[in-house]
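Trainee: One predicted model, sequence on top.
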Amino acid sequence: MEDDVSDLLLFSHECSPNYSHHDNVLITTTTIEAEVSAMTQVSYGPEGVDIRFPGWEATMAGRGFLRVPISALLSARVEPGWTSEILGMRSGLVVSGYRKLGTFTHPSGVRRLVSMKRGVPLLRLSTVRGETGFDEILLSTDDAHRIAQAIHRSAAR
């Protein structure tokens, strides 16, 4: 965890109404560490794939929760990590080389819901846009392999 946030620091200035350049600057990493550990939560069950965006992520994703019903799942695959493909125009957040979160629309019209973090396996879901609002959903999760296998087992029945 420490390596993930070593370059990210939150600076907040403790200032009084009579601010001067001699005031102290407080550097804290606790807020960043809490946000990093509160990543998008992904689970799979009999209803489909449930995606929860905690705290500030809900603002960037434009929603706090999305259920992808089994009937809307076209495919699921796992990639080793971060995708470098062009995702398109975004509504959300990009921290270059570290985090992407939000809705991305490619010039071809492909609409994606994205919650990616560098160094974490990527679950790529192709979905029925009419049911989910997205053509693809890209999610970084340590459970990517387990969820993809469960989806494949369900589809084989």
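Mentor: Perfect, I can see it now.

Trainee: what's the longest helix anywhere in the chain in contact with?
Mentor: Longest helix of the chain, by residue count under DSSP state H: helix 144-156. Helix 144-156 is contacted by residues 42-44, 49, 70, 73, 76-78, 121-123, 141 when judged by Cβ atoms under 8 Å, 6 or more residues apart in numbering. (Glycine included, C-beta is placed from N, CA and C.)

Trainee: go again using 10 Å as the cut-off
Mentor: 42-46, 48-49, 68, 70, 73-81, 120-125, 139, 141, 143 (Cβ atoms under 10 Å, 6 or more residues apart in numbering).

Trainee: Quick one, which of those residues are buried?
Mentor: Among the contacts of helix 144-156, the ones that count as buried by 16 or more other Cβ atoms under 10 Å are 42, 44, 48-49, 68, 73, 76, 78, 120-125, 139, 141.

Trainee: hang on, the earlier thing: among the contacts of helix 144-156, name the ones in strands.
Mentor: Mapping the contacts of helix 144-156 onto strands (DSSP state E) picks out 42-45, 48-49, 68, 73-79, 122-125, 139.

Trainee: still on that earlier bit, return the set of buried residues in the longest helix of the chain.
Mentor: Within helix 144-156, the residues scored as buried using 16+ other Cβ under 10 Å are A144, I147, A148, A150, I151.
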